[in-house]
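Trainee: Give me a 3D structure for the following:
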Amino acid sequence: MTKTAEMVPAAPAYEDILATQLSQRRVSLSFALADLQQHPAALSHAATLLVSTLRSGHAVLAAGNGGSAAEAQHFAAELVGRFRREREPYPVLALSTDSSVLTAVANDYGYEQVFARQIRAHGRPGDLLIAFSTSGESENLVRAAETARQRGMSVIGVTGKRASRLERAADVTVRAAVTDTAVVQELHMAITHLLCDLAEQELAREASG
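Mentor: Model prediction:
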């Protein structure tokens with residue numbers, strides 16, 4: 001064995017750790033997905049709001065912080081681009097993407113206003129806000145929901161397991177029935193895909209008919 005090879009540390013064996021984590025993740029995801037399947041009313045209501053908003057030509061605004069900001073952008077990307085079908089783009093805007101607006105509003109008015117101020121700029125009666133939050137307690141999202149309702153918009157909250165202030169401010173809230181933040185975020189991606197798939201399917205069918 002060469003001297004160089006002797007100096008290279010052995011790769012750690014992570015198989016057992018990863019196997020345990022994957023098993024735990026499978027249980028959590030299965031439980032939460034089963035809960036959505038067994039209690040479909042909130043998700044169905046959210047899908048109805050999304051489809052009716054886009055069908056009527058109104059816009060959807062999406063917001064979130066951190067990983068939930070990424071999910072808001074993911075949601076917008078699937079509908080402005082495409083999910084499964086070739087069709088016209090839908091008017092969906094993520095409010096977490098413009099760093100100049102975010103930093104200016106945060107600097108001048110406070111971070112709690114970064115989404116509410118954009119809703120006042122872009123939101124119109126009949127539009128829809130979808131707010132992603134693992135806790136449902138982010139002040140800027142609660143204020144965004146309240147502002148949207150004041151402007152005659154509908155509000156969908158997508159949160160974790162616990163009841164929250166965002167839920168109280170929304171028309172409907174889809175909860176991921178787990179408490180682990182990482183798993184909640186993974187469920188939020190599944191919810192995004194379900195909503196986008198259904199909206200695209202319904203609107204594409206109407207367009208072709």
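Trainee: hang on, A62 packs against F132?
Mentor: Yes. A62 is in contact with F132 according to C-beta atoms under 8 Å; the separation is 7.3 Å. Any C-beta I mention is one placed from the backbone N, CA and C, and that applies to glycine too.
Trainee: any residues in contact with both of these two?
Mentor: The contact sets of A62 and F132 overlap at A72, F75 (C-beta atoms under 8 Å, 6 or more residues apart in numbering).
Trainee: Between those two, tell me which one has more neighbours.
Mentor: F132 (34 against 29; other C-beta atoms under 10 Å).
Trainee: Next one: that one from V184, what distance?
Mentor: Using C-beta to C-beta, to the nearest Å, one gets 10 Å for the distance from F132 to V184.
Trainee: Counting neighbours, what do you get for F31?
Mentor: F31 has 12 nearby residues by other C-beta under 10 Å.
Trainee: Quick check on it: phi, psi?
Mentor: Main-chain dihedrals, F31, degrees, to the nearest 10: phi -60, psi -50.
Trainee: can you tell me which residues contact it?
Mentor: A177, V178.
Trainee: Please, where are all the helices along the protein?
Mentor: 3-7, 15-38, 41-55, 67-80, 99-109, 116-122, 139-150, 165-169, 181-208 (DSSP state H).
Trainee: quick one, what contacts A190?
Mentor: Per C-beta under 8 Å, 6+ apart, neighbours of A190: L33.
Trainee: Likewise for S96?
Mentor: Counting by C-beta under 8 Å, 6+ apart, S96 has contacts A63, G64, N65, A69, A72, Q73, L102.
Trainee: The first one is in contact with H122, isn't it?
Mentor: Spelled out, that is A63. No. With contact defined as C-beta under 8 Å, A63 does not count as touching H122 (11.2 Å).
Trainee: ok, the two, which is more surrounded?
Mentor: A63 (30 against 13).
Trainee: got the contact list for that one?
Mentor: A63 sits in contact with 69, 72, 94-96, 115, 129-132, 140-141, 144, where contact means C-beta under 8 Å, 6+ apart.
Trainee: Who does it form a beta bridge with?
Mentor: Beta bridges link A63 to A131 when assigned by DSSP bridges.
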